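Visitor: generate coordinates for the sequence data below:
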Amino acid sequence: MLLKINLEKVLFLDIETVAQQPEFSQLDADFKVHWEKKASFIGAENETPEAIYERAGIYAEFGKIVCISVGFIKMENGTKTLRIKSYANDDEAILIKEFFELLNNHYSNREALLCAHNGKEFDFPYIARRALVNGITIPDILDLAGKKPWEINHLDTLQLWKFGDYKHYTSLSLLTTIFNIPTPKDDIDGSMVNEVYWKDKDLKRIAVYCEKDVIALTQLFLKFRNEDLIGQENIILSE
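Guide: Sure thing, here's the model as predicted:
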């Protein structure tokens, strides 16, 4: 089935998210109460709401998007080329609007597909929720209201790897290792994004990390189709 997909119609993507404030103490009173309730469910018995606030970025109600990186494949003279672009901004509304402009202009037809790793449970709903919070209209490809399952144009490499197994989670990093997909050794990982953003204020570093995940995601999808990887010389990063 994957072989029938037109690769040039797929937008590969990954998002990076952080807590809405640098510290728990900077939340307003209402959000402090709500986070305390959330922390009571997700934290260990001896962990305080303040101590685990760095995890708030995982939840769309308490976090925000700081980067969306995308990749799309083009066939050029019989060779696959992967083009990478990032939407990174401290202003979440600007970032989302720019990304939605891409979706509305180029991924609004029935053949268009979005692909992410764990995208169905994280990336896609997170983007849609934050769009609503920012008062931004959700593009049709992300709006699931009233759609039948077969009308949802989302691909998820985690779900593809599960083969119907509901209890199994496999990270993108592990899958790249399994399939021998070369990935650069990063100076940060997902658990460090919140600190790099709020303490180091290094949005560019986060974007570079996000782009590498999109490259890994795309290469993994090609492996799922039993196709050759795209050579580094054919991966083009937008300025």
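Visitor: tally of neighbours for the closest residue to Ala116 other than its chain neighbours?
Guide: Spatial nearest neighbour of Ala116, chain neighbours left out: Asp123 (4.2 Å); criterion: CB to CB, 6 or more residues apart in numbering. Bear in mind the C-beta positions are built from the backbone N, C-alpha and C, glycine included. By other CB atoms under 10 Å, the residues close to Asp123 number 23.
Visitor: now do Leu175
Guide: Leu175: 20 neighbours (other CB under 10 Å).
Visitor: that one: what's it in contact with?
Guide: His117, Thr157, Trp161, Ile181, Leu220 (CB atoms under 8 Å, 6 or more residues apart in numbering).
Visitor: is it true that it lies in a helix?
Guide: Yes. Under DSSP: H, G, I helix; E, B strand; the rest coil, Leu175 falls within a helix.
Visitor: buried ones in the longest helix anywhere in the chain?
Guide: Assignment by DSSP state H gives helix 203-224 as the longest helix of the chain. Residues of helix 203-224 classed as buried by neighbour count (16 or more other CB atoms under 10 Å): 203, 205-224.
Visitor: tilt between the strand or helix carrying Tyr87 and helix 203-224?
Guide: Following DSSP states H and E, one finds Tyr87 within strand 79-88. For strand 79-88 against helix 203-224, the angle between stretch directions is 150 degrees (axes from the mean of the first three to the mean of the last three CA atoms, to 10 degrees).
Visitor: now strand 79-88: mean pLDDT?
Guide: Mean pLDDT, strand 79-88: 96.
Visitor: name the helices or strands packed onto that strand?
Guide: strand 63-76, helix 92-106, helix 203-224, strand 235-237 (3 or more CB pairs under 8 Å, 6 or more residues apart in numbering; DSSP states H and E).
Visitor: list of residues touching it?
Guide: 7, 66-75, 95, 98-99, 203-204, 206-207, 210-211, 214-215, 218, 222, 230, 234-238.
Visitor: relative to Leu27, how far out is the residue of the chain most remote from its centre?
Guide: Taking CA atoms, centre = their mean, the residue of the chain most remote from its mean C-alpha position is Asn46, at 31.0 Å. Using CB to CB, to the nearest Å, Asn46 is found at 22 Å from Leu27.
Visitor: can you check Lys147 too?
Guide: For Lys147 relative to Leu27 (CB to CB), the value is 35 Å.
Visitor: who has more neighbours, the two?
Guide: The residue with more neighbours, out of Lys147 and Leu27, is Leu27; 20 against 11, by other CB under 10 Å.
Visitor: and the closest residue in space to the more buried one that isn't next to it in sequence, how many neighbours does it have?
Guide: Spatial nearest neighbour of Leu27, excluding adjacent residues (CB to CB, 6+ apart): Gln21 at 5.5 Å. Gln21 has 18 neighbouring residues, counting by other CB under 10 Å.
Visitor: quick one, phi psi at Gln21?
Guide: The phi/psi pair for Gln21 (degrees, to the nearest 10) reads phi -130, psi 160.
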